[in-house]
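A.B. asks: model this:
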Amino acid sequence: MKIAQIAPLAESVPPKLYGGTERIVSYLTEELVRQGHDVTLFASGDSRTSAELVPVTDMALRLNGKVIDPIPYHMMLLEAVMRRADAFDALHFHIDILHMPMVRDCLDRTVTTLHGRLDLPDLPAFYRVFPHHPLVSISDHQRLPMPPVTWAGTIHHGLPADLLPPQLGPGHGYLAFLGRISPEKRPDRAIRIAARSGMPLRIAAKIDAVDRHYWETEIAPLIERHPNVSFIGEIDERQKAEFLGQASALIFPIDWPEPFGLVMIEAMACATPVIAFRCGSVPEIIDEGVSGFIVESEDEAVAAVARLKDLDRRRVRAAFDARFTAERMARDYISLYRGLPGARMEAARLRRQLGEEADLQIVA
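C.D. replies: Numbers count the residues shown, from 1 in each chain. Next up, the predicted model:
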């Protein structure tokens, strides 16, 4: 198929540091190319890809100190996409809602993956106006706050199987917190769990400007009071493999409706078990007693730390291989693309040329 991937411009594809959506766009794009599809990536100019790159800006907007308002740049992105829209069998948007008024003429070839939380108060009114756009959720739980819309499917994220090698030893005796310093991510819980468990905690996290006050008034003082806690800051992909792989467990103490939680499957790829609070997508991702433990309180999390010795890290990695590879993710999306009404005729022609079956079954 000839596929357009339309990425946000906040980070490069893949991002150099933090950036979950752009990371998934990269994994999907590269795997689609590997599987033989003709992919065009619309993204920032500092992106790296084996697909055709259409650079909309010179660099990722978050790294450009001259950028104040990202909206004009995303309008430029949409203009670039629409100029070439007729060339694609499927157009896959990852930019939430910005494109929806502009794609009516190619709606039957368009799909949008929603990467963020959907319980925000302004969204129901918007989606009632645009109920016919095919949408992909990244977990079943993510859908719950939405009004009636056109769900094309739920497709869980995936990682390249060789991206994060499993480390099957016992770990280096520390707990890991990886992600972003913010109230909903609850690093305070992680600190208290580690202190009560008597284990070191290493925090590798980004601090956004909006969360700077939370860091300075709550988390930094808490770290200072606990000598077992060390703050590392943002880390890159190479550092992530070592950081997660050498941990005894990832602590995922969230307090919000997490749409997916990429760090959970990153830990699983490293064969590192996850201790996660029962919020959002967590029960869909973690296999209780296999890839980790699902808890509902700090007391349960402390008890789970004591039970880590009962988990086999080989089974943690096996759970990742079975459910969360980029190869599986790309196959799911190709099935979805081929089921789009506007792509069906072209996909059928290609299947006839390849001697494949014409019928496809899509499970939403």
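A.B. asks: pLDDT weak spots in this protein?
C.D. replies: By pLDDT under 70, the low-scoring segments of the chain are 18, 344-364.
A.B. asks: if you set the cut-off to 80 instead, what comes out?
C.D. replies: Applying pLDDT under 80 to the chain flags residues 17-19, 170-171, 237, 344-364.
A.B. asks: any idea where the strands of it begin and end?
C.D. replies: 2-6, 38-43, 52-55, 90-93, 110-114, 134-137, 150-154, 175-180, 201-206, 229-231, 249-252, 274-277, 292-295 (DSSP state E).
A.B. asks: Let me have those strands in CSV, adding distance to residue 77 and mean neighbour count as columns.
C.D. replies: Quick note: C-beta positions are derived from backbone N, CA and C, even for glycine. Formatted as CSV, those follow (distance: least, Cβ to Cβ, whole Å; neighbours: other Cβ atoms under 10 Å):
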stretch, distance to residue 77, mean neighbour count
strand 2-6, 7, 23
strand 38-43, 6, 24
strand 52-55, 9, 16
strand 90-93, 10, 26
strand 110-114, 14, 23
strand 134-137, 19, 22
strand 150-154, 22, 18
strand 175-180, 24, 24
strand 201-206, 24, 21
strand 229-231, 35, 18
strand 249-252, 32, 28
strand 274-277, 34, 27
strand 292-295, 38, 23
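A.B. asks: Would you format these as CSV with distance to residue 19 included?
C.D. replies: Shown next, in CSV, are the strands of the chain (distance: least, Cβ to Cβ, whole Å):
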stretch, distance to residue 19
strand 2-6, 15
strand 38-43, 11
strand 52-55, 17
strand 90-93, 17
strand 110-114, 15
strand 134-137, 19
strand 150-154, 22
strand 175-180, 11
strand 201-206, 9
strand 229-231, 20
strand 249-252, 18
strand 274-277, 21
strand 292-295, 24
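A.B. asks: show me the contacts for residue 106.
C.D. replies: By Cβ atoms under 8 Å, 6 or more residues apart in numbering, residue 106 lies in contact with 85, 86, 91, 342.
A.B. asks: quick revisit: residue 17 is nearest to which of the strands of the chain?
C.D. replies: Among the strands of the chain, strand 201-206 comes nearest to residue 17, with 6.9 Å by Cβ to Cβ.
A.B. asks: Direction included, what does the closest one pair against?
C.D. replies: strand 175-180 (parallel), strand 229-231 (parallel) (DSSP bridges).
A.B. asks: Please compute how far the shortest one lies from its chain's middle.
C.D. replies: Okay, so that is strand 229-231. Here strand 229-231 is found 25 Å from its chain centre; the criterion is Cα atoms, centre = their mean, to the nearest Å.
A.B. asks: hang on, the earlier thing: between the contacts of residue 106, which is nearest residue 237?
C.D. replies: When the contacts of residue 106 are ranked by distance to residue 237 (Cβ to Cβ), residue 91 comes first, at 28.0 Å.
A.B. asks: Would you agree that closest one is in contact with residue 39?
C.D. replies: No: using Cβ atoms under 8 Å as the test, residue 91 is too far from residue 39 to be in contact (11.5 Å).
A.B. asks: Now do the shared contacts for these two.
C.D. replies: With Cβ under 8 Å, 6+ apart as the test, residue 91 and residue 39 both reach 3, 4.
A.B. asks: nearest to residue 120, of the strands of the chain?
C.D. replies: That would be strand 110-114 among the strands of the chain, by Cβ to Cβ, at 11.5 Å.
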